[in-house]
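Trainee: quick check, what structure comes out for this input:
(one chain, ligands or ions: 1)
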Amino acid sequence: MPDVQIYGGGIAGLTAALLLEEQKQTYQLYETQSHWGGKLQTTQQDGFALDHGFQVIQSAYPALEIYHKRGYLNDALAFGSGAWLLSNGRKTLLADPLREFPRGLAALGHPGIKLNDVFQVVKLRNSLINQSPQTFFRGNPITTLQYLQSCGFSQSFIESFFKPFFTGIFLEEALNTPHSMFQFVFWALAKGNACLLPGGIQTLPNRIVASLNPNNLHLNASPDYRAEGRTLQKHFATQAHYFAVDTHLGLVKFIGLNATNHGNINLIAIPSAVQSGYAPNGKHLLCVSLKPSSSNGLAQISPSQILTEVEHLLSTKISAQWLNTLAVPQALPSDTPYLYGDEPQPETPTSNGPGNALYATGNIANPSLNAAILHGMSLYSSVNCR
Ligand SMILES: Cc1cc2nc3c(=O)[nH]c(=O)nc-3n(C[C@H](O)[C@H](O)[C@H](O)COP(=O)(O)OP(=O)(O)OC[C@H]3O[C@@H](n4cnc5c(N)ncnc54)[C@H](O)[C@@H]3O)c2cc1C
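Mentor: The predicted structure follows:
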């Protein structure tokens, strides 16, 4: 049998390669760029780890089990279960009331949060947590916004919490993403934690690559035919500004959400408060993630303007040194079918080039790490089914 050829060295292609490697099957992995990991990229700069866009690993994603089992996530450390709501000089911690009791109840002091909202959060959590995630993707989707309204959340709670929090995940501000994705992410947050690995998000692909035979790996490869089948065209963008700071600015391990409905900032976080290796000794890394509407190529927002906005949100003067601004114009594909995992697609065979060609270029089912890993697993299975 000719070598299996995998095109795309993101997490999907790397997952397929790892499974083939472990079964001692021959394969070649081709990546057009000069680095592995696809969307999981980190720039190392002066001892700081700068992820290309604020990104976390949801420990409860079922597909991550293959990496939990191999110990690749053993040193992942978690953000706190909740977020600071930052508005008009006020900083309120909205924490999971069940996991962070009693401080989870502090949110009731916020003018935008009603007792009924906290009750609805607990109700939603309890209704989703014991379901299998595949069930969220069955049935007719409505938008996340419609879903939240139908759950009975107040508009002020949606605006001050759900909007900024899920904008940071969906990378779109209107919450038009199908509610299946919302349920899946909410389920994962309730079941597990949002985690960081030492050295940045690219540590996961780096660990996979370290397990692969280097003779089978080809960077800067110019494949002589393009990936066929579904081509994803439209994307949501994001942009992260990074600053060196001396303290965790009082955010500790929780992300801070811009709950004001104005400005360019979506969220701020101190990754080094979670994983100390994100910054050199004695320093912290401030990550400022912009709203998608402020992240497109046309928006020219200076680091000093961003820092002024951060100072305003935190109501404090900050001594910070700008490190870098990383724009990710093609962060999340916006035209996936929003399924749980790969559906059988007989009309788009995975083998139509020389040898056995598998295309692992971009998400297929939905724009998550979970779906990408599942895609890699299903490519591997398709080899074994031949
Ligand atoms: C800022 C940001 C935040 C995110 N946050 C989250 C999150 O919180 N939770 C979550 O679940 N997911 C999140 N994601 C999404 C997650 O990172 C992606 O779903 C996942 O990494 C996609 O992996 P992939 O292998 O399918 O595709 P990609 O990572 O896009 O990899 C595809 C690779 O194929 C290469 N390629 C393309 N064409 C060819 C060709 N013809 N031949 C060879 N190589 C080719 C590309 O160069 C690329 O390296 C986020 C992504 C970003 C960017």
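Trainee: tell me the secondary structure for residue 15?
Mentor: The three-state label given to residue 15 by DSSP: H, G, I helix; E, B strand; the rest coil is helix.
Trainee: any idea how far it lies from the ligand?
Mentor: Using Cβ to the nearest ligand atom, to the nearest Å, one gets 8 Å for the distance from residue 15 to the ligand. For every residue, glycine as well, the C-beta is placed using N, CA and C.
Trainee: just the helices in the stretch 1-150 of the chain please.
Mentor: Ranges of helices within the stretch 1-150 of the chain are 11-22, 65-69, 115-129, 144-151, based on DSSP state H, counting those that start in this stretch.
Trainee: deepest-packed of these, please.
Mentor: helix 11-22 (a mean of 24; mean count of other Cβ atoms under 10 Å).
Trainee: as a whole number, average confidence for it?
Mentor: The predicted model assigns helix 11-22 a mean pLDDT of 97.
Trainee: what is the distance between that helix and the centre of its chain?
Mentor: Counting by Cα atoms, centre = their mean, to the nearest Å, helix 11-22 is centred 20 Å from the centre of its parent chain.
Trainee: same for it, what does it pack against?
Mentor: Judged by 3 or more Cβ pairs under 8 Å, 6 or more residues apart in numbering; DSSP states H and E, helix 11-22 is in contact with strand 4-7, strand 27-30, helix 203-210, helix 369-384.
Trainee: what's in contact with it?
Mentor: With Cβ atoms under 8 Å, 6 or more residues apart in numbering as the test, helix 11-22 has contacts from 4, 6-7, 26-27, 29, 31, 36-40, 66, 204-205, 208-209, 211-213, 216-217, 358, 360-363, 369, 372-373, 375-377, 379-380, 383.
Trainee: nearest to residue 48, of the helices and strands packed on helix 11-22?
Mentor: Relative to residue 48, the nearest member of the helices and strands packed on helix 11-22 by Cβ to Cβ is helix 203-210, separated by 14.3 Å.
Trainee: centre of the chain to stretch 188-195, how far?
Mentor: Centroid separation for stretch 188-195 versus its chain: 12 Å, with Cα atoms, centre = their mean.
Trainee: check stretch 18-34 too.
Mentor: 24 Å.
Trainee: picking that back up, could you pick out which of the contacts of helix 11-22 are near the ligand?
Mentor: Contacts with the ligand within those, counted by Cβ under 6 Å from any ligand atom: 7, 31, 38, 39, 40, 360, 361, 362, 363, 369, 372, 375.
Trainee: below-threshold pLDDT in this structure: ranges please.
Mentor: The chain contains residues with pLDDT under 70 at 1-2, 97, 101-105, 223-232, 297-299, 344-355, 362-363, 386.
Trainee: any figure for the gap between the residue most central in space within it and residue 203?
Mentor: Nearest to the mean C-alpha position of the chain, counting by Cα atoms, centre = their mean, stands residue 55 at 4.2 Å. In this view, residue 55 and residue 203 are 12 Å apart by Cβ to Cβ, to the nearest Å.
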